[in-house]
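Visitor: Predicted model follows, preceded by the sequence.
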Amino acid sequence: MKHPKSFIRVKAILILFLIFPFYSCSFRSEPEKIWNLRGKIVALAESLRGIPYHYGGTDIDGFDCSGFVNYLYDSFGVDIPRTAKKQGRIKTRIKLKYAKQGDILVFRIKRNQWHSGIFISKKYFIHSPNGRGVVRREKYTKYWKKRIKYTISLLDDV
């Protein structure tokens, strides 16, 4: 007895639905790697532009400088110190000329006043500047170049 083509298609589809779930479970795979964490941190930082400065702020209601940096890293499961001064003590320091997007910049503004931001490129960084500002991308000027103290690289190139 000959079966119509539509019956054969239905039978084939049913077999696929029965076999495929078991077929896909039979292989072991490696856990998914975090791809382009640097780019993700920078993209998140850029998306937060315009959020107001708030002293001690650590969320989207308002950030201070180190709260902003801490929020970005914490969003991707990377634990860093909360204050700019302590962020500057992280031991994975590099020279600014080797910085890559997503690295942490720590500035010494005055003798006991520290500031942190995120490296974007050789010309720009993003930060939450002060009580009169909002999260913004900023150009390296002489002011910032004279005050940069540390560049911190925590991210492996994945």
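Guide: Structure received.

Visitor: those helices in this structure, which residues are they?
Guide: 5-25, 37-47, 65-74, 84-87, 142-147 (DSSP state H).

Visitor: And the average pLDDT for the last one is what?
Guide: Spelled out, that is helix 142-147. Averaged across helix 142-147, the pLDDT comes to 96.

Visitor: what's the spacing between Tyr55 and Arg93?
Guide: 27 Å (C-beta to C-beta, to the nearest Å). Quick note: C-beta positions are derived from backbone N, CA and C, even for glycine.

Visitor: More neighbours: which of the two?
Guide: Arg93 (14 against 11; other C-beta atoms under 10 Å).

Visitor: Okay, now the unreliable bits of this structure?
Guide: Counting by pLDDT under 70, the ranges of the chain that qualify are 1-35, 157-158.

Visitor: Can you tell me the closest non-neighbouring residue to Glu75?
Guide: No Glu there; residue 75 is Ser. Among residues not flanking Ser75 along the chain, Leu44 sits closest, at 6.0 Å (C-beta to C-beta, 6 or more residues apart in numbering).

Visitor: any idea how far the one you found is from Gly62?
Guide: Where Gly62 is concerned, Leu44 sits at a distance of 16 Å (C-beta to C-beta).

Visitor: cool, and Ile126?
Guide: From Ile126 to Gly62 the distance is 16 Å (C-beta to C-beta).

Visitor: out of the two, which sits in the more crowded spot?
Guide: Neighbours were counted for Ile126 and for Gly62 using other C-beta under 10 Å; Ile126 has more, 23 against 18.

Visitor: Who are the contact partners of that one?
Guide: 42, 45-46, 49, 117-118, 120, 135-138 (C-beta atoms under 8 Å, 6 or more residues apart in numbering).

Visitor: For the residue nearest the centre of the chain, which non-adjacent residue is closest in space?
Guide: For the chain, Ile41 is the residue whose C-alpha lies nearest the centre (C-alpha atoms, centre = their mean; 1.8 Å). The shortest distance from Ile41 to any residue other than its chain neighbours is 4.2 Å, reached at Gly102 (C-beta to C-beta, 6+ apart).
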